[in-house]
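[1] After the sequence you'll find the predicted model.
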Amino acid sequence: MVERAEKLGIRAEDSGLIERMGRERLKPRKPHTESKKPAGSRKEAGAQEVQSRATSEAEDPKQPEGLETSQSIQLDPEAKAALGGLSPLLVWSQVGNLVAHTFEAYPDEADKLLDKYQPPVNQEWLYVALQHLDPVVGINNLVEINDHPKLNLKDLMKSDPPDVLEKVLFMVTLSSKWQSEVAT
């Protein structure tokens, strides 16, 4: 993995991010197909996947694709109150989108924040890590450090994207809760 990371221009110390973030907290993406038996042909397999995806999205259209929560990890009471009934999956997906948007639309501010917090990973690895972190763990940690200015998790998309990036960078670099739960 280190050799592959070096070929991609990623520092060797950054390549172990997922392992450092706690393997038990990261979830691989689930395939969209529900049937375990093989289809008769590729065409049938594609049709089954499309039908299964449509069924899944119809059942829960608010659940972002690829994110999963562990049933054994529960939202902290403060996090539950901060979400106001919204899904941790939805809000965590918004966090990831706003972080990515900050790097694209506010590159100077993003660079200043990276210089200020000096996270152990680059922006690409940070984004990948956020995508693969259990949303409940992410929300619990974000709520723990969310103060002055406080992000409104019930209406996160109205937040200033650099403010969201700053909270995330603070969380992954300085939060004792993050260091004890995730970065071990």
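    Looks like it came in fine. Residues are numbered from 1 along each chain as shown.

[2] Run a quick neighbour tally on E78.
    The local packing of E78 (other CB atoms under 10 Å) involves 12 other residues. Glycine gets a C-beta too; all of them are placed from N, C-alpha and C.

[3] Show the contacting residues for it.
    By CB atoms under 8 Å, 6 or more residues apart in numbering, E78 lies in contact with 143-144.

[4] Check which residues of the strand or helix carrying it are buried.
    For E78, the element it lies in under DSSP states H and E is helix 77-83. By neighbour count on 16 or more other CB atoms under 10 Å, the buried set for helix 77-83 is 79-80, 82-83.

[5] and if you look at stretch 83-90?
    83, 86-90.

[6] Filter those down to just the ones in helices.
    Among the buried residues of stretch 83-90, DSSP state H puts 83, 88-90 in helices.

[7] farthest pair in those?
    Farthest apart among those by CB to CB are L83 and L89. That separation is 10.5 Å.

[8] Now stretch 107-118: buried residues?
    109-110, 113-114, 117.

[9] pLDDT on it, on average?
    For stretch 107-118, mean pLDDT is 96.

[10] from memory L169 sits against Y117, does it?
    Yes. With contact defined as CB atoms under 8 Å, L169 reaches Y117; the gap is 4.0 Å.

[11] after the helix or strand containing K112, next one along is what?
    Using DSSP H and E, K112 maps to helix 107-117. In the C-terminal direction, the helix or strand that comes right after helix 107-117 (DSSP H and E) is helix 123-132.

[12] other SSEs contacting that following helix?
    helix 17-20, helix 88-105, helix 161-174 (3 or more CB pairs under 8 Å, 6 or more residues apart in numbering; DSSP states H and E).

[13] For it, output the C-alpha coordinates as PDB.
    Only the C-alpha atoms of helix 123-132 are listed here, as PDB (Å, rounded to 0.1, in the frame of the first residue of the first chain):
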ATOM      1  CA  GLN A 123      -7.000  17.300   1.600                       C
ATOM      2  CA  GLU A 124      -7.700  14.300  -0.600                       C
ATOM      3  CA  TRP A 125      -7.000  11.900   2.300                       C
ATOM      4  CA  LEU A 126      -9.100  14.000   4.600                       C
ATOM      5  CA  TYR A 127     -12.000  13.900   2.300                       C
ATOM      6  CA  VAL A 128     -11.700  10.100   1.800                       C
ATOM      7  CA  ALA A 129     -11.400   9.600   5.600                       C
ATOM      8  CA  LEU A 130     -14.600  11.600   6.100                       C
ATOM      9  CA  GLN A 131     -16.400   9.500   3.500                       C
ATOM     10  CA  HIS A 132     -15.500   6.300   5.100                       C
END
